[in-house]
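J.: return atomic coordinates for the entry below.
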Amino acid sequence: QVQLVESGGGLVQAGGSLSLSCAASGRTFSSYAMGWFRQAPGKEREFVAAISRSGGSTYYADSVKGRFTISRDNYKNTVYLHMNSLNSEDTAVYYCAAGFQSSRYLGDYRYWGQGTQVTVSS
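T.: Sure, this is the predicted structure:
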């Protein structure tokens with residue numbers, strides 16, 4: 001089993017940057033593809049970014065492509081989401097997730113963190 005704990009959320013002004021981290025427990029972190037999802041109030045949880053087990057392949061939602069970067073450090077059991085040029089539409093609770101394949105589909109992820117709030121003020 002993998003436990004995931006997100007951190008780094010907070011309040012940021014529009015146009016600013018923020019970096020999220022997701023620390024995973026266990027020795028099998030490198031066995032999992034990792035993803036970031038977000039959920040805004042009144043909306044469904046949506047895909048943001050994903051990264052393969054080795055970190056060699058990354059995938060992004062069109063809405064964040066060019067602004068967000070996902071990365072991972074398998075020695076530190078941590079996945080990151082660096083967010084630039086934030087706008088109010090990025091306001092949401094951000095979740096990291098672990099699964100067996102890099103995917104934009106929620107159902108492909110087995111383990112989920114509790115989420116961290118990101119609020120972008122205009």
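J.: every contact and neighbour count from this point should use C-alpha atoms.
T.: OK.
J.: burial of Gln1, as a residue count?
T.: Using other Cα atoms under 10 Å, the number of residues around Gln1 comes to 9.
J.: likewise for Tyr95?
T.: Using other Cα under 10 Å, Tyr95 has 26 neighbouring residues.
J.: list the contacts of it.
T.: For Tyr95, the contact set (Cα atoms under 8 Å, 6 or more residues apart in numbering) comprises Glu6, Trp36, Phe37, Arg38, Trp112, Gly113, Gln114, Gly115, Thr116.
J.: can you give me the strands in this protein?
T.: Applying DSSP state E to the chain gives strands spanning 4-7, 10-13, 18-24, 33-39, 46-51, 58-60, 68-73, 78-83, 92-99, 109-112, 116-121.
J.: skipping adjacent residues, who's closest to the residue nearest the centre of the chain in space?
T.: When Cα atoms, centre = their mean is applied to the chain, the residue found nearest the centroid is Trp36 (2.5 Å). In space, Trp36 comes closest to Cys96 once its chain neighbours are excluded; the distance is 4.5 Å by Cα to Cα, 6 or more residues apart in numbering.
J.: right, and the one you found touches Ala33 too?
T.: No - using Cα atoms under 8 Å, Cys96 is not in contact with Ala33, being 10.7 Å away.
J.: which one's more surrounded, the two?
T.: Using other Cα under 10 Å, the more surrounded residue of Cys96 and Ala33 is Cys96, with 30 against 25.
J.: return the distance of the more buried one relative to Gly15.
T.: Look at Cys96 and Gly15: by Cα to Cα, to the nearest Å, they are 23 Å apart.
J.: repeat that for Thr91.
T.: Going from Thr91 to Gly15 by Cα to Cα gives 12 Å.
J.: more neighbours: those two, which one.
T.: Comparing Thr91 with Gly15 by other Cα under 10 Å, the one with more neighbours is Thr91, at 20 against 14.
J.: how much space separates the more buried one from Ser54?
T.: Distance of Thr91 to Ser54, computed by Cα to Cα: 29 Å.
J.: now swap in Arg104 and tell me
T.: Taken as Cα to Cα, the span from Arg104 to Ser54 is 17 Å.
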